[in-house]
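> give me a model of this one.
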Amino acid sequence: MDLIARISQHFHDSAQTKLDAMELLAAPISDAVQTMVACLVNDGKILACGNGGSAGDAQHFAAELVGRFEAERQELAAIALTTDSSILTAVANDYSFNVVFAKQVRALGRPGDVLLAISTSGNSANIIEAIKSAHDNGLSVVALTGKSGGQIGQMLREGDIHICVPAERTARIQETHLLAIHCLCDGIDCLLLGVEE
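The predicted structure is shown next:
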């Protein structure tokens, strides 16, 4: 096995996936930035959720907003719904793992807030339930998916935003999700701070 060639192929495939996605995803990412900024300037908050690597992405996004991305600015209201082990284990034990995010959306979400729902397959049951709760409670949804968008792509409503990476391989989808998250953070800062470059 030639590990150097294998690693080089990963770099090539990752770069190509992002380039292939650029034209398709630039507009929905821009729409998501504008939706998130409108939420934040109206004293709303962004709730983020996902499983596994997507949980890490949800936490990464929230950290960039509460802390900072690249520029100093006021803290922004974002909560990752993946971090409270007591809530997650209590809800999973007493009800079902399928509602670990939905219950938090119902408890914390208010009309005008935004749910950032991340699922590489678009079929994660607990993300689907979180989106249902968001719809019931007047939240806008920004969905980060891949492949064909799965069930999530089919359930989004007018006003929701679908950022669906045109790839089949989970690693490539996740890598492109991270780029999309950085684009969201940069766009939010640009609109809030008036950055032109």
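> ranges for the strands of the chain?
Assigned by DSSP state E, the chain shows strands spanning 46-49, 78-80, 114-118, 140-146, 161-165.
> so what touches the first one?
It refers to strand 46-49. Residues outside strand 46-49 that contact it (Cβ atoms under 8 Å, 6 or more residues apart in numbering): 36, 39-40, 55, 57-59, 61-62, 65, 76-82, 101, 104-105, 108-109, 113-118, 126-127, 130, 134, 139. To be clear about C-beta, it is placed using only N, CA and C from the backbone, and glycine gets the same treatment.
> so which of these belong to helices?
The members of those that map onto helices under DSSP state H are 36, 39-40, 55, 57-59, 61-62, 65, 104-105, 108, 126-127, 130, 134.
> quick one: residue 11 and residue 20, what's the gap?
As judged by Cβ to Cβ, to the nearest Å, residue 11 and residue 20 stand 15 Å apart.
> give me the more crowded residue out of the two.
For residue 11 versus residue 20, neighbours defined as other Cβ atoms under 10 Å are more numerous around residue 20 (15 against 9).
> which residues are in contact with the more buried one?
166-167.
> out of the strands of the chain, which comes closest to residue 86?
In terms of Cβ to Cβ, the element of the strands of the chain nearest to residue 86 is strand 78-80, at 14.7 Å.
> quick one: low-confidence residue ranges for this structure.
The chain contains residues with pLDDT under 70 at 196-197.
> sorry, back to before: the contacts of strand 46-49, buried ones only, as a PyMOL selection?
Entered in PyMOL, the line below selects the buried ones among those, by 16 or more other Cβ atoms under 10 Å:
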select buried, resi 36+39+40+55+57+58+59+61+62+65+76+78+79+80+81+82+101+104+105+109+113+114+115+116+117+118+126+127+130+134+139
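> residue 168 versus residue 79, what's the distance?
Counting by Cβ to Cβ - residue 79 and residue 168 are separated by 31 Å.
> contacts made by stretch 146-153 with the rest, please.
117, 119-124, 127-128, 131, 143, 145, 162, 164-168, 170, 172-173, 176-177.
> who does residue 140 bridge with?
Note on residue 140: beta-bridge partners by DSSP bridges are residue 114.
> thank you kindly, that will do.
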